[in-house]
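Trainee: Build me a model from this:
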Amino acid sequence: MTSVNLLDGTSTVASLLGCPLSSSATKITICVLVFTSIFAITKYASPTRLTKILETVLYDVTDMDHALVEGGVPSGSSWEEYSRILKELARLQTKARCIARDTLSDSHSYWPLGDVWGLCKGRPVVVQLCIWEVQALQKRLGLLQGVQRTMGLVPRRTR
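Mentor: Next up is the predicted model:
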């Protein structure tokens, strides 16, 4: 097996194709790939996009909460769980408002710079963690709705 010296300007793929790394076509290809990767990361992990997703998921949870209340206020041990869910929902709504405010203040700079600055500050991780918390709360609300349905308190929605 032959070893490839990476210091002489060739790579294994480029040498197999008979194209040295120093050719302009290879450099252009690498630049395009790097630019496309940075653009894709900025687009899909942008704090602005993730904040919109967070707001949508939070709206769905709030809608589930209203549907639960319309069907009748939980009682007994369900009431204790429901009160914990309401406290958690209020905390997550406050957290989402703070995240949205910070994201909006960063996005007032020129378009790519605001998202890149948010990426550098680690905001997508914070927003994604909050989305996961809201989705966990949504599951808990769904379980509570299931308990009420089995008790006959909440009618099933028809489509």
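
Trainee: Secondary structure element holding the residue nearest the centre of the chain?
Mentor: The centroid of the chain falls nearest to residue 128 when counting by CA atoms, centre = their mean (3.8 Å). Assessed by DSSP states H and E, residue 128 sits inside helix 123-150.

Trainee: Need the mean per-residue confidence for that helix.
Mentor: Across helix 123-150, pLDDT averages out at 88.

Trainee: which regions of this structure sit below the pLDDT cut-off?
Mentor: Low-confidence segments of the chain (pLDDT under 70): 1-22, 73-77, 107-112, 151-159.

Trainee: can you pull out the strands in it?
Mentor: Using DSSP state E, no strands are found in the chain.

Trainee: Domain map for it?
Mentor: Per automatic domain parsing, the domain ranges recorded for the chain read 10-44, 45-159.

Trainee: Off-centre distance for the lengthiest helix in the chain?
Mentor: Across the chain, the longest stretch assigned as helix under DSSP state H is helix 77-106. Here the centre of helix 77-106 is set off from its chain's centre by 16 Å, with CA atoms, centre = their mean, to the nearest Å.

Trainee: hang on, the earlier thing: from what I can see the residue nearest to the centre of the chain touches residue 50, true?
Mentor: Yes - counting by CB atoms under 8 Å, residue 50 is a contact partner of residue 128 at 6.2 Å. All C-beta spots, glycine's among them, are computed from the backbone N, C-alpha and C.

Trainee: circling back: highest mean neighbour count out of the domains of the chain?
Mentor: Highest mean neighbour count among the domains of the chain (mean count of other CB atoms under 10 Å): domain 45-159, with a mean of 15.
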